[in-house]
Each structure stands twice: as C-alpha cells, then as structure tokens.
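Peer 1: build me a structure from this.
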Amino acid sequence: MKRIILILCLFILWDHLSAQEWRWLNPCPPGYQLHSLSFTDSLTGYAAGDQGTLVKTEDGGGTWRLLNTGTSVPLLSVCFTNASDGCAVGESGMILNTSDGGENWSVRSSGTANTLTSVTFLPDQGSGTGIAVGFYGVILKTTDVGTSWSPITSGTTATLNSVCFPDRDTGYAVGMYGVILKSVDGGTTWISQTSGTEHELTAVFFTSVRTGYALGHYEYAKSDSPHSEADTTYLLKTLDGGANWSLQAKIGPKDHFFNSIYFTAADTGYLAGNMGRICKTVDGGITWTEQDAGMLITFSSIVFPSKDAKNTGFKAGSEGVIMKTTDGGATWARQVTGTTNWLTSVYFADEQTGYVSGEGGLIMKTADKGEHWAIQNTGTDQTIFSLQFTARDTGFAVGYGGTALKTFDGGSTWIPLSTGASAILKSVVFPDCDTGYIAGAEGTMLRTLNGGTTWEPLATGTTRDLTSLWFTDPRTGFAAGYNGTILRTTDGGFSWEARPSGTSTELYSVMFPEPLTGYIAGDIGTILKTTDGGTTWIALQTGVTDGLYSVFFTDAHNGYASGGLNLLHGTILKTTDGGESWVVSTSIKAQLNTVHFTSSGTGYAAGEDGDILEKTSGGTGFSPVADDPGRIIIYPNPARETLTISLEENPGRVNGSITIFNIRGEAVLHHPLEKSRTVIDTQSLKPGLYLIRITETDRNRWGKFIRE
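Peer 2: A predicted model of the protein is given here:
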C-alpha cells in the first residue's frame, strides 16, 4: 500500500512541477480559481484556491497577501478554528495545517489519495476537533487541530462535497446522488438520511441544530424528478434535524447553478453560483431575489463573518476574484491588492530593478525582484506599449497617440519627448546609450542619435503596422509587423529591406540571442527562426494556435514565448533545443503579453488583468503541448528491465522517435519508433519518475512511468 501511495504522489508531483516553475507576483489574490473562504473575525480572513493558493487579509479585505504553502496542488477548502490554527484540504488527499495564522504551513498525512472537498472545525472545541470529507465517501477526523487524521466509516462511496457542524456534536455532510449523512457524536459515526433526491448536493448549512439547508443541482432531469427541466438548482430544507427534508425552492434558469450557501440569521441567507449569480432570501428560503453580483464569473464561496455586522460579506470565485459587500449584498466591490490594468511590457534594468507598463499610462517599478511594485507618475493616460532602459536609471517608454517618454531618475519623473509622430508607437530599442529607434503603426520608424533629444523619421517602404524592433548592433536591426512583415537594416536604419517570412499572419515580437540566430513570434502559434542573420526564416512547430505576443531567448537554444487568447487563457512556451520542440512552461487564465529574462534562470511575464509572474529555478516545465488523444499503453508500470510502449490508436503509424526525460527535464534516452509496439531496455535508468515523449510526423504524444 505504501508503495502504491508513493507512486501516486510521484505522479501528482510531476503534474504540478510546471506550475511551480513560475511564481505569481501581481495582483493579489492571484488569478487562479478560489474555492473557499474562512474568517476568524471581521478583519482577518483567508481564501484557498488552485495552484496551492492561500491568501490572507488582516484589514477586512482592503489588502491581501499571498501565503507560502509550498504546494501547487489545488486547495478546495480552508477553515480556521481560532486566530492561529487552521487547515486547508484539496486534491490528491492534500492536507495543510498552520498554528501561526497562516505564516507557515505543514503538509500532513491524510492516508488517502482521494480529493478532499471540505473541511470544518467543530464549534466551541478547545481540543481542535475537525472533520474533512471528500471523494468516494472519505471522512477524516482530527483531534489535534489537523496534525494527525484518522479515517471514519461513512457508509457510502458517493463523493461528499460539503460538511457542516452547527454544534460540537451534531454534523451533516452532503454529496452525490442526494446523499445526506448525519453525526450526533462529533463526527465519530455517521448515519444516512433520506433526502428525496438522487441528484448531486453541493453545499449544506445549518442555522441551528434542527434547521438546515442542502443546496443541489442536476444535469439530467429524470421523468420522475420533482424538479422541472427549467430549473438546475434546488434547495432542500429540514426543520427536525434531517429526519425529514422537503423541497424549499427551485431556482432557475436552466444551466445556472449555485455552489455556496450562507445564512446570517434564521431567515436571511445568500446563494452564490455561476454567471455571477447571487441570490438573497429574507423568508427562510421560500423566495429568493437575485442581486447584482458585479462580475459575470463563477463564485464558489460566500461568507458573512461578523455577527455584529451582518450586512458585511465576502464572496470568492474564478480568476482570483474576491468581492465585498457592506449593505447586505445590494452592491459588491472587488477586493484586490495591486494593479489589474492590462500590462503590455516588462523590462528589468538589472536583476533587482524592473518596470512594467500598460493601459492608462501605467508604469510600475520594483526594486526587489518583483516582490513589491510602486506606480509611477507618467503624466499621461495613454497606453504604454514598450519600455527599455539604457542604464539603471535611464529609460524610455512609448505608446498610444505618439506618446514617447524618458526618465533620468529611475522613473521618479517621466519627461515627454518630441518625436513629431502622432501614430501609435509600439516598440522602442536602444542598441547603445545614444542610438535609439521607435517603430509603430503605418510603417512608422524614428531614430535618435543623441539619446532621445531629437528624432528623425526613417523610410521603411511599408504602411503596415510595425510591432517590434531588435538590433544586434547599432547598424544591424530588424522590425516585425502585421501581415508577416519582416524588415532588416544593415546601415543604421537609412534603408530597410523586406525579407520573406512565409506567412501573412501578424507578427508581434522579434529577438536575436546571437547575431545570426533570431526568432519572431506571432499570431496563430507562429514562431519563425533564422540562422543566417535574417536572410531566410523558417516556421517552427509550437503545437499551439493561440497568439504568441512575445519571445525571449537567454541563449541560442533556451527560450520562451508568451501569449494566449484574450479573456480566456494565457500560456508560456519553453524550448531547450532552439525551437525544435516546445513545451508548456505555465498556463493561466489570462493572456500574457510580454516575457523578459534577466538571466538563464530568472524571468518575468506580464499581461491581462495586471498579471505578473516570475520564473523560479524549480520545475521542469514538462506539460505536454497539443496532447494527441491517441491512446498510449505503457507496461509494465513500474518497470525494471524493459518497458513496452504500444500505440493502440492508429497502430499503422510507426515513423518517429521516443525520448525519455528525467524529473529534471533532461533527455536521458532516445529510441527509434519503428513499430506500433516498441520494447525499450530501461536497465540503464536510475529508479525514479520519467516522462515519455513520442514524436511522430505531425504530433507529439506523452506518457509517464516509474523505473523501480
């Protein structure tokens, strides 16, 4: 059994390594799904979510800070029993506990690999007794504030979604198939109750020992269901401690459902759900009035923490959103620390000092590698598209409406520059402290030879928008732009020649790590490469179709490209072989517009909703790109002497190669793919976890195995 759990834990670790490669810097809370809220008083609260996220406020939601959990496993529930002691639970049996108000967290043994969905502490218990529930009917109990946990017999294999204890003895848990369980001995034993439904119950809340509510929804209505197909959410109520449950309300419309329920008084309660839906009752759940949620996102948790301020509540959900109301839900305001402006450019003048720019004339500066950011006064509300610094304190910024700015004092003051241009300026680059270039809309190109004091226009021979510039020396430079435009100059910009790109898509970013080797990123997953100084360009296979808006290489072989799809998701790709293959380094639910590295191990990315990420030294980044649905059979797994790989889907496809990577991302074994069933000698491999990449003519497929 221990060996099986170890193997499961290794697979879980691998799945989360790529997320650990990048660390969230701004805003706070991070833009991951938040699943749970817990407050110890009216000022101090916590939120838990995906990627191991835990954030804390100590001023009633005015500011939030990210806590270090040491994990990227999704955390689905958090609960504090007092100001110091709390627990968080999540996928793969993850349990964390803290005894110092969240400053330090310890991973505790749960004894299960099943996902834990909900945790609560029994009220008025000095001993720290708590209950966690989860998949397949798992119930765990702790009596030492989460340090150790024991399994409890639930009597069901149904997934349990929520647990609630109205007093120290009486508790309820609800889950799939209409399951309702009750305990009258502090969670030691549980008995089943009749709910009257076979559909999923998602949340439970009791206003007293006898009066409670169970919230549910269903996907497929049966002909004998008491709920019409027009309603996807229903509310059950009991007045006798669960001996009888009755349908209290049906809440539509179809495809709208609720995830969380909270009552501030016997008759006053709230529901939070998808599509930004918030509902309120003042008659014990008989009728519900929809409120203006403020944002059309999914809300997973709603709480009203203070008995003395019953109109003050919080809700949390997707994209890291936390909102607060002080008027009983009539209005809601987002609670966030840091900017949420769209960010367009990131540039570090040295390893400590960096800048980001964005919409509304925003420029922010950090002096501590991104830990803290300060907004600077730019004197403009025009979007800033590009930044570059020629020295630690001397820098330039360009943007909308011909905006061009310069600073001599690290951004404390920004001075407008007179360039004579009114077009959108999209890129600025200085190959030395005096010589600089600006590119922009409608083929605009400007040059300065005196550090930006004066600028002259240059003829480019195109009217297409130019989006990015890069110079390998003061005379040799490149511009990329719309409709596949690539321009090259070898005489300091006096003349520009168009080079064939082989594409008509928009190109957004150009970068040369070496004088002859360069890369360009663009729309529809486009990355182009040259090895002859820009004379010819070839298209690389990235495996993605989203726009790639920025590319940066730390040397000729190791590089990153960032992009995504507006308002849906963002991606950073990574290559270690000069672009021959790409893997997903990280992925979030926000478009990433820019990526910049200060060294081979330290980089930054920024984009939509003010998101700023930092690359750390940990992680392999081996999340498969463009996974093919074709099935791979790998056996035996774990393996000792040999490993057999069978391509069950389309077995006639046999041309390709097999590469095996260790957990550090190093290729340790190569083998030709010549048959639909390939046997590989694994005796040369050390014991551990390995990733398999099967490369075929038009796709990559991935698998994992353990070498014993």
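
Peer 1: quick one, helices of this protein?
Peer 2: Secondary structure of the chain, counting by DSSP state H: helices at 2-20.

Peer 1: tell me the domain boundaries of it?
Peer 2: The chain is divided into the following domains under automatic domain parsing: 30-334, 340-417, 632-707.

Peer 1: what's the least confident stretch among these?
Peer 2: In terms of average pLDDT, domain 632-707 trails the rest of those, at a mean of 74.

Peer 1: re earlier: and the domains of the chain as JSON lines, adding distance to residue 535 and mean neighbour count?
Peer 2: C-beta here means a position set from N, CA and C on the backbone, and glycine is covered the same way. Output for the domains of the chain, formatted as JSON lines (distance: least, Cβ to Cβ, whole Å; neighbours: other Cβ atoms under 10 Å):
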{"stretch": "domain 30-334", "distance to residue 535": "41", "mean neighbour count": "20"}
{"stretch": "domain 340-417", "distance to residue 535": "26", "mean neighbour count": "20"}
{"stretch": "domain 632-707", "distance to residue 535": "28", "mean neighbour count": "15"}
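
Peer 1: kindly reformat the ones you listed as CSV containing distance to residue 605.
Peer 2: CSV is the format used below for the domains of the chain (distance: least, Cβ to Cβ, whole Å):
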stretch, distance to residue 605
domain 30-334, 12
domain 340-417, 7
domain 632-707, 19
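
Peer 1: which among these is found nearest to residue 588?
Peer 2: Closest to residue 588 of the domains of the chain, according to Cβ to Cβ: domain 30-334, at 5.9 Å.

Peer 1: how long is that closest one end to end?
Peer 2: One end of domain 30-334 to the other measures 13 Å (Cα to Cα, to the nearest Å).

Peer 1: now do stretch 527-544
Peer 2: Start-to-end, stretch 527-544 (Cα to Cα) is 10 Å.

Peer 1: pick out the residue nearest the middle of this protein.
Peer 2: Residue closest to the mean C-alpha point of the chain, counted by Cα atoms, centre = their mean, is residue 588 at 3.4 Å.

Peer 1: contact partners for that one?
Peer 2: Residue 588 is in contact with 31-32, 569-570, 611, 613, counting by Cβ atoms under 8 Å, 6 or more residues apart in numbering.

Peer 1: what do you get for residue 342?
Peer 2: 358-359, 383, 593, 607-610.

Peer 1: residue 451 is nearest to which of the domains of the chain?
Peer 2: domain 340-417 (7.7 Å).

Peer 1: run the chain-centre distance for the closest one.
Peer 2: 25 Å (Cα atoms, centre = their mean, to the nearest Å).

Peer 1: what's the answer for stretch 455-468, then?
Peer 2: Worked out by Cα atoms, centre = their mean, stretch 455-468 lies 37 Å from the chain centre.

Peer 1: endpoints of it, how far apart?
Peer 2: In stretch 455-468, first residue to last residue: 18 Å (Cα to Cα).

Peer 1: list the buried residues of that stretch.
Peer 2: 455, 458, 460, 462, 464-468 (16 or more other Cβ atoms under 10 Å).

Peer 1: identify all contacting residues around it.
Peer 2: 404, 417-421, 424, 426-427, 438-448, 479-483, 485, 487, 493-496, 498, 506-510, 520.

Peer 1: mean confidence for it?
Peer 2: Mean predicted lDDT for stretch 455-468 stands at 97.

Peer 1: noted, bye for now.
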